[in-house]
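>>> The sequence isn't on hand, but the structure is:
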Ligand code: AHG
Ligand code: MN
Ligand code: MN
């Protein structure tokens, strides 16, 4: 039960029994993500100072090499997740292959795997625009006591046991679900504590925002071109507003609160689209469904897709239910 002024720590403890396996491990896992997010947040916040601090050379005040923030975020999340004895494998946008974690006793008996996009929207860092982190959590399918295999990572999104994101925006928020709705917590940076600020987040069933990189219009499939023209037509509550930040986390966050649709379609240049199924689309699709929204590749539910590759890409239509249904209708009725 969500309570006012509740901290994330209190919320995790109180809601632990809602989770079907309820051993406390998933709670500890979410806790470690909460910690890593604070560290990354601190670094993201001073991103504009990097050149100033590093002006004397390529090193920072601690004498370490300056690192690009997505490499830094990747390292922080991997270190933090590895330190707790919960995770047996991690896959990341920044790693070619998955990482096997044997645990301190080397017995491979941890149960959870994590897939992540440690820094989403990284092209926005240099211009002081919101970025994020996305995470997706599964139970392993191979037996504990053996090393993880690719099969543990190539599970359809509907098997996720939790997913979420952190948005490093005008304020920093962690938004996640363990399958009982979506809750958002805002960081009070003065004391380093997250408070429940957005209990039970829900997509409005309809919205009036569409988010797509229209610069690629000429490469879009006909169904998307037709849907964009529909969004721009003067009729009913249309034309819709166009809003596109260029970081999935931030675009998703706004659309979930206000009502809208995010589209990254396949294009003639990228026939599978740009976004990655396992650590961008699946976690966002899980959150969307938990918040009464939906997510599709234009033809089928994202969470039903059986992945075949770790870094697989997929066209992505995600947002308010009625808007996604309309976009699917255009996709399915077009011939090219
Ligand atoms: P990342 O920074 O993790 O590579 O992801 C960027 C993604 C996504 O966040 C964003 O919505 C999309 O790429 C933007 O792509 P375009 O610049 O092609 O619009
Ligand atoms: Mn990304
Ligand atoms: Mn990224």
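Structure received. This one's a predicted model, so the numbers in the text were calculated from it and none came from an experiment. Numbers count the residues shown, from 1 in each chain. Ligands and ions are numbered 1, 2, ... in the order given.
>>> Which secondary structure state does the residue sitting nearest the centre point of the chain sit in?
Among the residues of the chain, residue 134 comes closest to the average C-alpha position under Cα atoms, centre = their mean, at 2.9 Å. Secondary structure assignment for residue 134 (DSSP: H, G, I helix; E, B strand; the rest coil): strand.
>>> so who does it touch?
Residues in contact with residue 134, defined by Cβ atoms under 8 Å, 6 or more residues apart in numbering, are 116-117, 120, 163-165, 248-249, 279-280, 283-284. To be clear about C-beta, it is placed using only N, CA and C from the backbone, and glycine gets the same treatment.
>>> Those residues: which ones sit near ligand 2?
117, 120 (Cβ under 5 Å from the ion).
>>> which of the contacts of residue 134 has the most neighbours?
In terms of neighbour count, residue 284 stands highest of those at 31 neighbours, by other Cβ atoms under 10 Å.
>>> Tell me which residues touch the residue of the chain found nearest ligand 2, please.
Here the residue of the chain nearest ligand 2 is residue 120; by Cβ to the ion that distance is 3.5 Å. Applying Cβ under 8 Å, 6+ apart, we find residue 120 in contact with 131-134, 165, 247-249, 280.
>>> Enumerate the residues of the chain near ligand 1.
Proximity of the chain to ligand 1 (Cβ under 6 Å from any ligand atom) is limited to residues 93, 117, 120-122, 213, 246-248, 274.
>>> from the residues you listed, which has minimum pLDDT?
The member of the residues of the chain next to ligand 1 with the lowest pLDDT is residue 122, and it reads 88.
>>> thought that residue was touching residue 72?
No. Residue 122 is not in contact with residue 72 according to Cβ atoms under 8 Å; the separation is 10.8 Å.
>>> which intervals of the stretch 1-150 of the chain have sub-threshold pLDDT?
With pLDDT under 70 as the threshold, the stretch 1-150 of the chain has low-confidence stretches at 1-4, 19-23, 51-66.
>>> Where do the strands of it begin and end?
If DSSP state E, counting those that start in this stretch is used as the criterion, the strands of the stretch 1-150 of the chain fall at 87-92, 99-100, 112-120, 131-139.
>>> Can you add distance to residue 208 and give the ones you listed back as a markdown table?
Putting those into a markdown table (distance: least, Cβ to Cβ, whole Å) gives the following:
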| stretch | distance to residue 208 |
| --- | --- |
| strand 87-92 | 35 |
| strand 99-100 | 42 |
| strand 112-120 | 25 |
| strand 131-139 | 23 |
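>>> buried ones in the top helix by length along the chain?
If you go by DSSP state H, the chain has its longest helix at helix 25-45. Using 16 or more other Cβ atoms under 10 Å as the test for burial, helix 25-45 gives 25-38, 40-41, 43-44.
>>> So which residues of the stretch 201-336 of the chain form helices?
Assigned by DSSP state H, counting those that start in this stretch, the stretch 201-336 of the chain shows helices spanning 222-232, 248-258, 282-290, 321-333.
>>> Give me the angle between the shortest one and strand 131-139.
Right, the one you point to is helix 282-290. Here helix 282-290 runs at an angle of 80 degrees relative to strand 131-139 (axes from the mean of the first three to the mean of the last three Cα atoms, to 10 degrees).
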